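Engineer: Build me a model from this:
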Amino acid sequence: MSLSRTLHTQTGQAVSPPPATGAMGARVVAIEAGLQALDEALAGDASERIEQASAALQRCLGEALQTMADDTRAGRATDAELLQRLRRARERVNHQQAAVQRVTAALGRTLDVLLPREQAPATYGALGQSPAAKALTAYR
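Structural biologist: Numbering: from 1, shown residues only. I've put the predicted structure just below:
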């Protein structure tokens, strides 16, 4: 599931991302690094590393949001290349979420097979079958 930080052109040729400038550029680089760390943690299957990488990525995303809001208030537009890199980061997050959801669903199905759930008694379907109802009818 690991995604590389190296970008690929239409012909498949690998290129490094362009250097980021300014505060927003630094935030985008931090987000990309956070995504890479989360990719590696998910691939390594270490829950503590996943938690740490996820928390660090959330902080980076929050800082980027604040920087973008500050830039907007100051009338500074975000560079088109940075916006494109943010879109790619969003796609990576969506892929990670989908992968985690697939694993969670598979785990749930496995647990249901190994540990079947007990059927809850129906509220009205089995009147007179509860222990209390049987106790009350025992003296009639």
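Engineer: can you tell me how far residue 102 sits from residue 54?
Structural biologist: 17 Å (CB to CB, to the nearest Å). From N, CA and C alone the C-beta is placed, and that goes for glycine too.
Engineer: if you count what's nearby, which of these two comes out ahead?
Structural biologist: Each of residue 102 and residue 54 has its neighbours counted (other CB atoms under 10 Å); residue 54 has more, 16 against 10.
Engineer: Now do the SS call for the more buried one.
Structural biologist: Of the three states, residue 54 takes helix under DSSP: H, G, I helix; E, B strand; the rest coil.
Engineer: list the contacts for the nearest residue to it once chain neighbours are set aside?
Structural biologist: Of all residues not flanking residue 54 in the chain, residue 38 sits nearest, at 6.2 Å (CB to CB, 6 or more residues apart in numbering). By CB atoms under 8 Å, 6 or more residues apart in numbering, the contact set of residue 38 is 50, 53, 54, 57, 96.
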